[in-house]
Every structure is written in structure tokens, then in C-alpha cells.
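[1] My questions concern the predicted model and sequence given below.
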Amino acid sequence: MWEPVAILFTICVLPLAIVMHYTTKWKATKGLTEAEERMLESLWRDGQAMESRLNALETILDSEVPGWRRQT
């Protein structure tokens with residue numbers, strides 16, 4: 001007698017409850033925390049510095065070793 005109710009609960013109600021639970025969790029943690037924002041900013045600055053250094057290195061290599069890009 002309880003088997004159809006249990007099956008209905010398992011198929012319909014339980015998945016809906018799980019989806020709603022994780023939807024509210026997602027909405028609560030939608031943005032970045034302050035620590036994550038600081039870390040992201042730091043990573044961005046480090047990436048910009050590395051790009052600048054790489055460009056300087058390529059400029060030096062272009063003047064010192066012409067054709068270095070074609071070498072494998």
C-alpha cells in the first residue's frame with residue numbers, strides 16, 4: 001500500500017526538493033567573497049607583470065638573436 005506513495009515521492013518530490021535546495025545554495029553564494037576578489041586582483045596583476053616581462057624578453061631576443069622564433 002505504501003509502495004506507490006514511496007515511488008511517487010522518490011520520482012517526483014525528492015528530485016524537486018534537491019533541485020530547489022541547490023538553487024537556493026547557488027543564489028546565496030552567487031558572487032565572489034572579498035578574499036576571492038583580492039586573490040583574483042592579485043593574479044591579474046601578476047599576469048600583467050608576466051606579460052610585460054615576456055614582451056621585454058621577446059624584444060631583447062629580437063634584437064640579439066634575429067630569427068629565434070623560427071628555431072625549434
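    Arrived safely.

[2] elements contacting the lengthiest helix in the chain?
    With secondary structure taken from DSSP state H, the chain has its longest helix at helix 34-64. Applying 3 or more CB pairs under 8 Å, 6 or more residues apart in numbering; DSSP states H and E, we find helix 34-64 packed against no helix or strand. (C-beta placed from N, C-alpha, C; glycine too.)

[3] what's the spacing between it and its chain's center?
    Distance of helix 34-64 from the chain centroid (CA atoms, centre = their mean, to the nearest Å) equals 19 Å.

[4] Nearest residue to the middle of the protein?
    What sits nearest the mean C-alpha location of the chain, by CA atoms, centre = their mean, is L40, with 10.5 Å.

[5] Checking K30 next. Helix, strand or coil?
    coil (DSSP: H, G, I helix; E, B strand; the rest coil).

[6] where's it relative to T23, distance?
    Counting by CB to CB, to the nearest Å, the separation of K30 from T23 is 11 Å.

[7] more neighbours, the two?
    T23 (10 against 6; other CB atoms under 10 Å).

[8] so which strand or helix has that one?
    helix 14-28 (DSSP states H and E).

[9] Spit out the contact partners of the residue nearest to the centre of the chain.
    L40 is in contact with L32, counting by CB atoms under 8 Å, 6 or more residues apart in numbering.

[10] Can you read off the pLDDT for it?
    The score at L40 is 96. That number is its pLDDT.

[11] Check Q71 too.
    Q71 is given a pLDDT of 81.

[12] For it, pull up the helix or strand it's in.
    Q71 belongs to no helix or strand, assigned by DSSP H and E.

[13] about what we covered before: quickly note the distance from the residue nearest to the centre of the chain to E64.
    On the measure of CB to CB, L40 and E64 end up 36 Å apart.

[14] same question, E36
    In terms of CB to CB, E36 sits 41 Å off from E64.

[15] Below-threshold pLDDT in the chain: ranges please.
    1-2, 72 (pLDDT under 70).

[16] So for D62, what's the nearest residue that isn't a sequence neighbour?
    Among residues not flanking D62 along the chain, W68 sits closest, at 7.5 Å (CB to CB, 6 or more residues apart in numbering).
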